[in-house]
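**Student:** got a structure for you, letters missing:
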């Protein structure tokens with residue numbers, strides 16, 4: 001179902017106002033009416049006055065709800081006992097009814113009631129807030145965001161300076177609930193929310209948290225009088241091609257809004273393997289997480305902010321970015337809907353879920369499935385290390401990324417998993433050294449052909465397996481560099497461990513990770529970090545011969561001039 005169509009067909013205030021405006025335009029677009037219609041109208045008016053007089057004399061009055069039904073037959077009749085205005089406008093309201101048997105309850109108020117903690121919370125200052133305004137333009141969306149989207153400042157404790165920031169948004173002003181990404185607050189012992197005008201409130205703690213979906217619902221100490229809750233869109237997928245808006249505080253700037261189109265919607269399992277690996281490493285491990293890929297750019301500091309549609313409804317929570325395709329990804333609001341069905345009967349302190357002293361091996365264990373890596377290595381061996389397509393080369397990139405990250409990890413020697421990881425890493429490099437890389441010209445051509453394209457794209461964080469012709473090197477305090485070419489692409493390799501001894505010139509198999517670009521000897525170069533370049537052979541340098549000097553011309557013999565003629569005295 002198209003969420004936009006469903007919203008216009010539902011009973012939400014926005015749809016009612018839009019329908020009324022359309023009817024009003026229809027009534028005023030006509031030209032001059034014929035005289036007969038004027039006469040008929042006058043007669044009808046007279047008849048109405050007579051009927052009203054009879055009704056007054058009998059003690060009755062017209063029914064306002066019936067008039068509303070005549071004007072707007074598509075809008076449901078109000079209930080006899082409507083909820084108070086403050087509850088209707090300050091708590092979550094689903095704008096599209098679902099098709100399940102529990103749809104009426106979910107549509108009315110899908111948020112489970114919050115049981116106050118032992119200490120009564122401070123009352124919200126926004127309980128008397130007005131009905132949300134009609135959203136008709138991007139300017140309206142930005143004005144709404146100024147009242148509902150916040151910056152989140154993160155502190156390791158009360159005495160230290162800020163250690164990070166992100167974004168979040170209000171979903172319930174009565175309960176003072178703020179939604180953000182878990183990774184925004186995962187290191188926090190203390191956090192504040194800051195509105196665009198500088199108004200600041202502290203965070204009491206977690207109401208709900210789910211690291212596997214990278215979601216957190218926080219409770220604020222208070223809200224300003226103008227605070228406005230954003231409403232969530234329905235759980236259905238938005239249409240690719242529809243316009244969306246990313247709102248947040250990128251790189252600590254003031255509230256910033258960018259627009260773009262939806263590119264696609266996919267589950268985690270439908271993403272490329274390296275993207276899945278990245279998400280696992282970050283702890284976002286649920287395979288049924290659904291992602292909205294869009295073009296409304298996000299940057300550091302946008303995490304946790306909302307992705308809104310043209311009606312100002314929350315489609316998702318901006319979470320991560322894939323620089324290889326300049327793709328921006330928001331977690332589908334479906335995950336938030338599901339989490340909000342859980343009990344919210346207490347507030348947990350931030351320190352309870354604070355991630356301190358995270359072990360690299362824990363992240364490796366999430367990022368890489370060792371059994372899957374072994375299977376990948378075996379598959380590449382059986383293919384004679386010869387990629388056949390760009391898609392096939394992705395396996396080589398993943399392997400290069402894995403062995404590089406594994407080599408970079410600062411393992412805890414006392415962790416029982418350390419020996420297994422290091423043993424596997426050494427096994428991979430031992431097998432790579434046994435391959436006769438230079439004896440198969442087709443393999444070298446195809447491997448470097450695909451590697452060269454990856455190097456030209458120079459996407460940070462992209463793994464690459466390549467055969468590099470090293471021509472020069474440099475060693476300095478704390479670094480060791482190798483400079484050469486892969487095809488016609490200039491490459492600089494920086495060794496992770498500068499104490500590793502590598503031979504000078506020659507061919508090297510380099511599994512590494514791209515970290516940027518530079519200009520070397522007047523030409524663009526891709527910079528790669530690597531742990532153990534493998535020397536696989538020498539190359540025959542071209543013989544250098546001095547140019548033949550042309551023979552010097554022989555000097556002409558000295559010219560003899562005749563003796564001077566005698567002069568007379």
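**Tutor:** Structure's in. What do you need? On a predicted model such as this, the values are computed, not experimentally measured, just so you know.

**Student:** Okay, the spatially closest residue to residue 220 that is not a sequence neighbour and residue 468: tell me how far apart.
**Tutor:** Nearest residue to residue 220 in three dimensions, chain neighbours excluded: residue 176, at 4.4 Å (CB to CB, 6 or more residues apart in numbering). Yep, even glycine has a C-beta here, placed from its N, CA and C like the rest. Noted for residue 176: a distance of 57 Å to residue 468, by CB to CB, to the nearest Å.

**Student:** Could you do residue 392 as well?
**Tutor:** From residue 392 over to residue 468 (counting by CB to CB), the distance is 20 Å.

**Student:** which one of the two has more residues nearby?
**Tutor:** Comparing residue 392 with residue 468 by neighbour count (other CB atoms under 10 Å), the higher total belongs to residue 468, at 27 against 15.

**Student:** Could you list which residues are in contact with residue 486?
**Tutor:** By CB atoms under 8 Å, 6 or more residues apart in numbering, the contact list for residue 486 reads 448, 451, 452, 455, 466, 467, 468, 469.

**Student:** Let's see which of the residues you listed end up in helices.
**Tutor:** Per DSSP state H, helices hold the following members of the contacts of residue 486: 448, 451, 452, 455.

**Student:** Of these, just say which sits nearest to residue 330.
**Tutor:** residue 455 (30.7 Å; CB to CB).

**Student:** tell me the contacts of the closest one?
**Tutor:** So residue 455 contacts 464, 466, 486, 489, 491, 514, 526, 528 (CB under 8 Å, 6+ apart).

**Student:** What does the pLDDT read for it?
**Tutor:** Note for residue 455: predicted pLDDT of 93.

**Student:** Please report how far it lies from residue 426.
**Tutor:** Residue 455 is 27 Å from residue 426, by CB to CB.

**Student:** Mind telling me the two of the contacts of residue 486 farthest from one another?
**Tutor:** Among these, 455 and 469 lie farthest apart (CB to CB), at 13.1 Å.

**Student:** just to revisit the earlier point, and which of the ones in helices among the contacts of residue 486 is nearest to residue 142?
**Tutor:** Using CB to CB, the ones in helices among the contacts of residue 486 come closest to residue 142 at residue 455, 40.9 Å.

**Student:** Tell me which residues touch the residue nearest to residue 289 when sequence neighbours are not counted, please.
**Tutor:** Excluding the flanking residues, the one nearest residue 289 by CB to CB, 6+ apart is residue 268, at 4.8 Å. Contacts for residue 268 (CB under 8 Å, 6+ apart) come out as 276, 279, 284, 286, 287, 288, 289, 290, 291.

**Student:** how does it look with 10 Å?
**Tutor:** Contact partners of residue 268, counting by CB atoms under 10 Å, 6 or more residues apart in numbering, are 275, 276, 279, 280, 284, 285, 286, 287, 288, 289, 290, 291.

**Student:** now these as a markdown table including secondary structure, pLDDT and distance to residue 388?
**Tutor:** Below are those laid out as a markdown table (DSSP: H, G, I helix; E, B strand; the rest coil; pLDDT from 0 to 100; distance: CB to CB, whole Å):
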| residue | secondary structure | pLDDT | distance to residue 388 |
| --- | --- | --- | --- |
| 275 | helix | 86 | 22 |
| 276 | helix | 87 | 22 |
| 279 | helix | 89 | 28 |
| 280 | helix | 83 | 27 |
| 284 | coil | 89 | 32 |
| 285 | coil | 84 | 32 |
| 286 | coil | 90 | 33 |
| 287 | coil | 90 | 28 |
| 288 | coil | 93 | 32 |
| 289 | coil | 95 | 32 |
| 290 | strand | 96 | 32 |
| 291 | strand | 97 | 29 |
